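In: dropping the sequence and predicted coords here.
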Amino acid sequence: MNENKRINVGVVGATGYTGLELVKMLVKHPFFHLAYIANSEGGTTINRLHPSLNGVCEDEVKKANIDEMASTCKLIFLALPHKTAMAYVKPLLEKGVKVVDLSADYRLPKDIYEAFYCPHTDSVNLEHVIYGLPELNREAIKSAKLVANPGCFPTSAILGLLPFMDKRSKKTPIIIDAKTGVSGAGKKLSEVTHFVNVNDNLFAYNPLMHRHAPEIANKLNVSFDEVNFVPHLVPVTRGMISSIYIQVTGNFDALEVLKEFYKNDVHIRISEKPVDMKNVAGTNFCDIYAQKRGNVLFITSSIDNLMRGASSQALVNANLMMGLDESVAIPDIAYVP
Ligand SMILES: NC(=O)c1ccc[n+]([C@@H]2O[C@H](COP(=O)([O-])OP(=O)(O)OC[C@H]3O[C@@H](n4cnc5c(N)ncnc54)[C@H](OP(=O)(O)O)[C@@H]3O)[C@@H](O)[C@H]2O)c1
């Protein structure tokens, strides 16, 4: 594809953590042209806000404007807070622009969304949104106009659990003990994420009632009461691990089940030992390990919350929506050591 035939795309919310990751990948994308970058204020350049982009991308950051997006781009990534995102989705779709929404706004049925987030103002588009987990919905994503990019914890938990759902003892609890780096909270300031509170520290938050629990339950087709999900904040910038415990029936080799289930999925790696965060940092890989003892199955699944948990998964979805190979411009070598 020559320069003129590249597909124009845009990022709204490019000054945030997930927005930066999108920009970093899109400036290297051979078939997409990053034609529109916006935040809430505009009036600056992307490298002034993210000096890591000096000399790489110094494009103008605009104040987000629907008409400008629609006249410039075929697809927009919304890296915005929930509730803000849905205000952009409806007019963009009406103007024929495809959307990958990184927020929670289109991940859940209306009643569940409203119980955990806020009133939903776009029921129409909730009807035809596709949940953007490629391992679950790859074919549907290819023809989608609106993709709801999964949450970070749901991505790691669902990918770990999916291969074993038909082996689980029905109605026994699913226990998900998850850890995340601090970038999961976004760039806005809060007392909880102050350096002094996070450094040398480890704590659980929103135990059993975190907003990602209903998303995990909904996508796995189990009830909310069956999902016992407790996230913890750890003093690292990025990375996420879900350690999962379920009761199972039958005799099987857990690693063989994983290998068979994901044999066609290029962004899943089955590990021969418990996974860690470093070996997936900066990539779209989800590394998974599982071990069985009697009827207890332990699964541990690792992702980069900003990448597979958000931006690189969003780019995989956009690649699929635009008829490209899902791996185009997706980083595959981790930031180690
Ligand atoms: N961080 C993660 O690990 C992660 C993982 C999965 C999903 N997500 C989801 O992805 C979304 C973005 O997360 P993030 O961590 O990147 O957030 P963030 O760091 O707080 O960035 C939010 C961005 O949204 C922009 N923004 C806010 N209101 C706006 C408006 N009305 N119009 C235009 N731009 C506006 C902000 O621009 P200003 O600079 O102008 O305020 C900023 O660029 C959230 O919905 C989050 O839940 C995040």
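Out: The structure has been received and is ready for your questions.

In: going along the chain, name the helices of the stretch 201-337 of the chain.
Out: 212-220, 254-261, 311-321 (DSSP state H, counting those that start in this stretch).

In: enumerate the residues of the chain near the ligand.
Out: Proximity of the chain to the ligand, by CB under 6 Å from any ligand atom, involves residues 12-13, 15-19, 38-41, 64, 79-82, 84, 102-103, 151-152, 183-184, 186-188, 305-306, 309-310. The C-beta positions use only the backbone N, C-alpha and C, and glycine is treated the same way.

In: residues contacting the residue in the chain that the ligand sits nearest to?
Out: Going by CB to the nearest ligand atom, the ligand is nearest to Gly16 of the chain, at 1.9 Å. Shown in contact with Gly16 (CB atoms under 8 Å, 6 or more residues apart in numbering): 39, 79, 186-187.

In: quick one: these as a markdown table, columns for secondary structure too.
Out: Converted to a markdown table, these look like this (DSSP: H, G, I helix; E, B strand; the rest coil):
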| residue | secondary structure |
| --- | --- |
| Asn39 | strand |
| Ala79 | coil |
| Gly186 | coil |
| Lys187 | coil |
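
In: and the strands in the stretch 1-150 of the chain?
Out: Using DSSP state E, counting those that start in this stretch, the strands of the stretch 1-150 of the chain run over 7-12, 32-39, 44-45, 60-63, 75-78, 98-101, 130-131, 146-148.

In: can you lay out those as JSON lines showing mean pLDDT and mean neighbour count?
Out: Compiled in JSON lines, those are given as follows (pLDDT from 0 to 100; neighbours: other CB atoms under 10 Å):
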{"stretch": "strand 7-12", "mean pLDDT": "98", "mean neighbour count": "25"}
{"stretch": "strand 32-39", "mean pLDDT": "98", "mean neighbour count": "23"}
{"stretch": "strand 44-45", "mean pLDDT": "97", "mean neighbour count": "14"}
{"stretch": "strand 60-63", "mean pLDDT": "98", "mean neighbour count": "17"}
{"stretch": "strand 75-78", "mean pLDDT": "98", "mean neighbour count": "27"}
{"stretch": "strand 98-101", "mean pLDDT": "98", "mean neighbour count": "25"}
{"stretch": "strand 130-131", "mean pLDDT": "98", "mean neighbour count": "22"}
{"stretch": "strand 146-148", "mean pLDDT": "98", "mean neighbour count": "26"}
